[in-house]
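Student: Next one to model:
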Amino acid sequence: MAAAPMPASWFILCRVVDHYGDAGVCWRLARQLANEYDLDITLFIDDLNTLQRLIPTLDTTQNEQRINNVTVRRLTDTLLPPVSCASSWETLIKPASEMKREAPEAQQPRPIKTIGEVANTAQQSDSFAQPFNQCFSWPAVIVDTFGGGLPASWLAALKRDFPPLATEKEKEEKASPKLPEAPRWIVLEYLSAEPWVETMHGLASPPPSINLPRHFFFPGFTEATGGLLYEKTLLDERDAFCSPEHFQTARRAFLERLGINTLPPNALLVSLFCYDTPALPALLDAWAASPTPVVCLIPETVAPETVQRWQRLHNAEALATRNIATRGALTLHTIPFLPQADFDRLLWCCDLNFVRGEDSFVRAQWAARPFVWQAYQQNEQTHLIKVDAFLKRYLAAAPDNLKTALSDFTRAWNDEQQTNRIVDTWRLLTGQLPSLKKLALDWAQQQSTQDDLARRLIAFAHQSRERFFVRES
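Tutor: Prediction:
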């Protein structure tokens with residue numbers, strides 16, 4: 001029986017703008033495609049230091065390495081894809097059954113070349129006139145994340161290898177099976193709940209001067225978009241952790257790993273992963289004045305100067321050796337920056353999660369816990385459009401008092417001109433926490449009925465250009 005079609009090698013390119021969010025999305029996608037779909041994935045990223053916070057075993061001094069069945073390579077504008085002159089295109093596009101999974105210690109990166117190194121093996125005076133098709137191994141698919149763009153050297157090589165076809169003769173020659181197919185170029189855009197995403201998702205936009213298909217793929221919250229990232233085991237792992245018979249034990253064990261041995265009775269446990277914002281001191285003030293205890297877990301990388309300034313201003317009692325500060329009803333624990341799997345467990349443990357950007361925003365939704373989102377700030381407050389679009393979709397079926405409470409607080413949290421509303425809107429929000437919990441559960445369940453982003457991305461590549469896939473006989 002013929003097996004289902006499978007794509008061959010994929011390149012994922014990541015130029016980090018929003019620090020952990022961009023790197024986090026790309027690493028999750030790369031890892032899922034490699035391990036759940038048995039694809040040959042190479043992640044090119046221009047900021048290994050940021051990625052290393054998510055992957056503690058990553059060696060930032062190396063230009064290439066193999067981790068979790070993903071090849072990780074440093075991205076620069078002078079970087080060319082791997083050279084494999086001895087291999088034909090047909091050999092490079094191989095069935096999934098031939099892609100063997102190696103033990104981590106046995107995994108070795110493939111050779112990599114830069115423009116300068118390639119020039120040493122060619123006539124430098126006309127190196128760009130050389131027939132790169134004979135030895136230049138393009139992947140089946142290139143995923144250009146967040147529209148960061150391909151390196152200039154790649155664009156030059158693509159322009160040479162796949163020029164616009166002006167005549168029927170050129171088209172016939174290009175169709176020869178001896179020549180490689182053009183790679184599929186997919187621009188993976190940022191997540192948005194705005195209505196226009198559904199009409200833009202999947203549209204083609206051929207790059208100038210290159211005979212290459214390029215399409216835009218928009219993540220989103222409906223069947224008409226690219227969906228959300230989540231691994232096939234994530235929800236089962238969450239449900240096992242949060243099951244009534246195991247939750248208290250699992251939470252206690254996880255918090256003890258973070259150095260938190262006890263919680264005050266009836267305390268509200270909050271995680272705070274946010275961008276630095278003028279609203280942060282006001283929120284800490286509101287928690288300090290709370291009628292019930294608030295325990296806040298804040299990663300060490302989150303607005304450290306603002307937090308320390310707030311502590312000094314209010315003479316918050318600090319136990320420096322234990323990274324704890326207290327003021328009024330608030331206990332503030334500074335915790336280490338967590339790898340992705342532990343960050344998920346942090347979200348599962350907390351009664352309320354403050355998240356930011358895209359990666360933690362999506363994970364908070366899968367945690368099925370109440371959350372507050374802070375969008376990446378943009379010029380002229382355009383990020384507030386994205387915030388309002390999500391709230392409209394998320395709160396579509398919610399009662400009016402819940403809509404008002406979450407919308408008003410989220411808006412104040414995201415709009416620097418509304419910082420003075422934080423205390424009052426927080427008070428209203430706390431009264432809606434039971435309703436927020438049900439809303440979060442219902443939303444996660446609703447979203448889980450749709451295919452995940454990785455599955456939709458593979459299907460999109462397959463449907464739009466079937467020749468990028470091979471069938472096993």
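Student: quick one: average pLDDT of stretch 41-54?
Tutor: The average of the pLDDT scores along stretch 41-54 is 95.
Student: quick one: buried residues of that stretch?
Tutor: Ile41, Thr42, Leu43, Phe44, Ile45, Asp46, Asp47, Leu48, Thr50, Leu51, Arg53, Leu54 (16 or more other C-beta atoms under 10 Å). C-beta here means a position set from N, CA and C on the backbone, and glycine is covered the same way.
Student: Same check on stretch 292-308?
Tutor: Pro293, Val294, Val295, Cys296, Leu297, Ile298, Pro299, Val302, Ala303, Thr306, Val307.
Student: now the chain, which segments are flagged as low pLDDT?
Tutor: 1-7, 80-136, 165-180, 316-322, 464-473 (pLDDT under 70).
Student: hmm, back to that, now render the buried residues of stretch 41-54 as JSON lines, adding distance to Ala250 and secondary structure.
Tutor: Listed next are the buried residues of stretch 41-54 as JSON lines, based on distance: C-beta to C-beta, whole Å; DSSP: H, G, I helix; E, B strand; the rest coil:
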{"residue": "Ile41", "distance to Ala250": "31", "secondary structure": "strand"}
{"residue": "Thr42", "distance to Ala250": "36", "secondary structure": "strand"}
{"residue": "Leu43", "distance to Ala250": "31", "secondary structure": "strand"}
{"residue": "Phe44", "distance to Ala250": "37", "secondary structure": "strand"}
{"residue": "Ile45", "distance to Ala250": "33", "secondary structure": "strand"}
{"residue": "Asp46", "distance to Ala250": "37", "secondary structure": "coil"}
{"residue": "Asp47", "distance to Ala250": "33", "secondary structure": "coil"}
{"residue": "Leu48", "distance to Ala250": "33", "secondary structure": "helix"}
{"residue": "Thr50", "distance to Ala250": "29", "secondary structure": "helix"}
{"residue": "Leu51", "distance to Ala250": "28", "secondary structure": "helix"}
{"residue": "Arg53", "distance to Ala250": "25", "secondary structure": "helix"}
{"residue": "Leu54", "distance to Ala250": "23", "secondary structure": "helix"}
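Student: Reformat those residues as JSON lines; add distance to Ala204.
Tutor: Formatted as JSON lines, the buried residues of stretch 41-54 follow (distance: C-beta to C-beta, whole Å):
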{"residue": "Ile41", "distance to Ala204": "24"}
{"residue": "Thr42", "distance to Ala204": "24"}
{"residue": "Leu43", "distance to Ala204": "25"}
{"residue": "Phe44", "distance to Ala204": "23"}
{"residue": "Ile45", "distance to Ala204": "26"}
{"residue": "Asp46", "distance to Ala204": "27"}
{"residue": "Asp47", "distance to Ala204": "30"}
{"residue": "Leu48", "distance to Ala204": "33"}
{"residue": "Thr50", "distance to Ala204": "32"}
{"residue": "Leu51", "distance to Ala204": "31"}
{"residue": "Arg53", "distance to Ala204": "36"}
{"residue": "Leu54", "distance to Ala204": "33"}
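Student: follow-up on the earlier one: and which of the buried residues of stretch 292-308 is nearest Ala282?
Tutor: Checking these against Ala282 by C-beta to C-beta gives Thr306 as the nearest, at 11.1 Å.
Student: What's the separation between the closest one and Tyr20?
Tutor: Counting by C-beta to C-beta, to the nearest Å, the gap from Thr306 to Tyr20 is 18 Å.
Student: Can you name the residues in contact with stretch 294-308?
Tutor: Residues outside stretch 294-308 that contact it (C-beta atoms under 8 Å, 6 or more residues apart in numbering): 53, 258, 260, 263-264, 267-277, 280-281, 284, 287-288, 323, 329-338, 346, 350.
Student: With just CA atoms, put that stretch into CSV.
Tutor: Extracted in CSV, the C-alpha atoms of stretch 294-308 (Å, rounded to 0.1, in the frame of the first residue of the first chain):
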residue,chain,number,x,y,z
VAL,A,294,-1.2,37.7,45.9
VAL,A,295,1.9,35.6,45.1
CYS,A,296,3.6,36.7,41.9
LEU,A,297,6.2,34.7,40.0
ILE,A,298,8.2,36.9,37.7
PRO,A,299,11.1,35.6,35.5
GLU,A,300,14.4,37.3,36.2
THR,A,301,14.5,38.8,32.7
VAL,A,302,11.2,40.7,33.0
ALA,A,303,11.7,44.5,33.6
PRO,A,304,14.3,44.0,36.4
GLU,A,305,15.1,47.7,36.7
THR,A,306,11.4,48.7,37.0
VAL,A,307,10.8,46.0,39.6
GLN,A,308,13.9,47.0,41.7
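Student: Neighbours of Gln445, how many?
Tutor: Residues within reach of Gln445, counting by other C-beta atoms under 10 Å, total 11.
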